[in-house]
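**Student:** quick one, what's the 3D model for this:
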Amino acid sequence: MKILLVENEHKIARAIKQGLEQEAYVVDLAFDGEAGFDLASTEEYDLIILDLMLPKMDGLAVCQKLRQEESVHTPILMLTAKGELDDKVQGFNLGADDYLVKPFAFVELLARVRALGRRPRSVLPTLLKAGDLSLDTVSFEVKRQQKPIALSKKEFTLLEYLMRNAGKIINKDQIMSHVWNWEANVLPNTIEVYIGYLRRKIDKPFSALPALIKTIRGFGYKLESGQVKNK
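**Tutor:** Residues are numbered from 1 along each chain as shown. All right, here's what the predicted structure looks like:
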């Protein structure tokens, strides 16, 4: 799951980013409204966490402008020190999906992020399956043939993205956009390296079974969906 966090207080932003990344989310940061709007309208995110009091363009204006963009339906969670009922109503009327008043406990923010993640543009399942491979986005359990597979956070995020797009060819730009944040210093062969890590854990120990991760030369990668094709 990829999140855009728009928060002008750098210390708070870094703390939230660190906490979310520890939960295997990919997080991009913007520190003012204009930068936040630019990222939200040009990149694809699963959730936007938007502070209300922002320089250059406040959170309400960002929210309203995004909702005027017909192609942007990303759920928006507003963060603000303004907790009056009128402020909340205004935020909801402009298109916010949830509202969290500062100061807040990180566990509550995380619960709201998970709740919004379950009801974006289309409901995303929390238990993903591709043949005999399963991935649980809540418990972070990955299994093949019911045998547990231990993954790093980045491996888990990459596998989740491949499984949500099982049966489709995914190119490197798409993987880079969804699994690494825009400011990450990623080497050209990083994606190949992590695909290799996954193969050693997902396919190699199950060599008697068909390999699930395929390289489509010149195009990208595909995770086999495991669906039986009609003859």
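**Student:** keeping just the C-alphas, turn the helix or strand of the chain with the lowest mean pLDDT into PDB.
**Tutor:** Using mean pLDDT, DSSP states H and E, the weakest-scoring helix or strand in the chain turns out to be helix 85-93, at a mean of 73. The C-alpha coordinates for helix 85-93 follow below in PDB (Å, rounded to 0.1, in the frame of the first residue of the first chain):
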ATOM      1  CA  LEU A  85     -17.400  20.300  14.500                       C
ATOM      2  CA  ASP A  86     -17.700  23.000  11.800                       C
ATOM      3  CA  ASP A  87     -14.100  22.300  10.800                       C
ATOM      4  CA  LYS A  88     -14.800  18.600  10.400                       C
ATOM      5  CA  VAL A  89     -18.000  19.200   8.500                       C
ATOM      6  CA  GLN A  90     -16.200  21.500   6.100                       C
ATOM      7  CA  GLY A  91     -13.500  18.900   5.500                       C
ATOM      8  CA  PHE A  92     -16.000  16.100   4.800                       C
ATOM      9  CA  ASN A  93     -18.000  18.400   2.500                       C
END
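**Student:** quick one: average confidence on the helix or strand following that helix?
**Tutor:** As assigned by DSSP states H and E, the chain's next helix or strand after helix 85-93 is strand 98-101. Across strand 98-101, the average pLDDT comes to 86.
**Student:** quick one: distance of strand 98-101 to the chain centre.
**Tutor:** Put simply, strand 98-101 sits 19 Å off its chain's centre (CA atoms, centre = their mean, to the nearest Å).
**Student:** over to stretch 151-170?
**Tutor:** How far stretch 151-170 lies from its chain's middle: 11 Å, per CA atoms, centre = their mean.
**Student:** residues in contact with it: which ones?
**Tutor:** Outside stretch 151-170, the residues that touch it by CB atoms under 8 Å, 6 or more residues apart in numbering are 1, 21-22, 24-26, 124, 128-130, 133, 135, 137, 140, 142, 175, 178-179, 194-195, 197-198, 201-202, 213, 216, 219-227. For every residue, glycine as well, the C-beta is placed using N, CA and C.
**Student:** related to what we said a few turns ago, contacts for the least confident helix or strand of the chain?
**Tutor:** Helix 85-93 is touched from outside by Leu52, Gly59, Leu60, Cys63, Met78, Thr80, Tyr99, with contacts defined as CB under 8 Å, 6+ apart.
**Student:** what about Pro103, how many residues nearby?
**Tutor:** The local packing of Pro103 (other CB atoms under 10 Å) involves 6 other residues.
**Student:** that one falls within a helix, correct?
**Tutor:** No: Pro103 is assigned coil when assessed by DSSP: H, G, I helix; E, B strand; the rest coil, not a helix.
**Student:** domain ranges for this structure, per the record?
**Tutor:** 2-117, 127-223 (automatic domain parsing).
**Student:** pick the most deeply packed of these.
**Tutor:** Highest mean neighbour count among the domains of the chain (mean count of other CB atoms under 10 Å): domain 2-117, with a mean of 18.
**Student:** ends of that domain, how far apart?
**Tutor:** 10 Å (CA to CA, to the nearest Å).
**Student:** quick check, Glu44 in a strand?
**Tutor:** No: the assignment for Glu44, made by three-state DSSP, is coil rather than a strand.
**Student:** hmm, back to that, in helices, which of the contacts of stretch 151-170 appear?
**Tutor:** Among the contacts of stretch 151-170, the ones falling in helices (DSSP state H) are Glu21, Gln22, Ile175, His178, Val179, Tyr194, Ile195, Tyr197, Leu198, Lys201, Ile202.
**Student:** and the strands in this structure?
**Tutor:** In the chain, the segments counted as strands under DSSP state E are 2-6, 26-30, 47-51, 76-80, 98-101, 127-130, 133-136, 142-144, 147-148, 213-216, 220-223.
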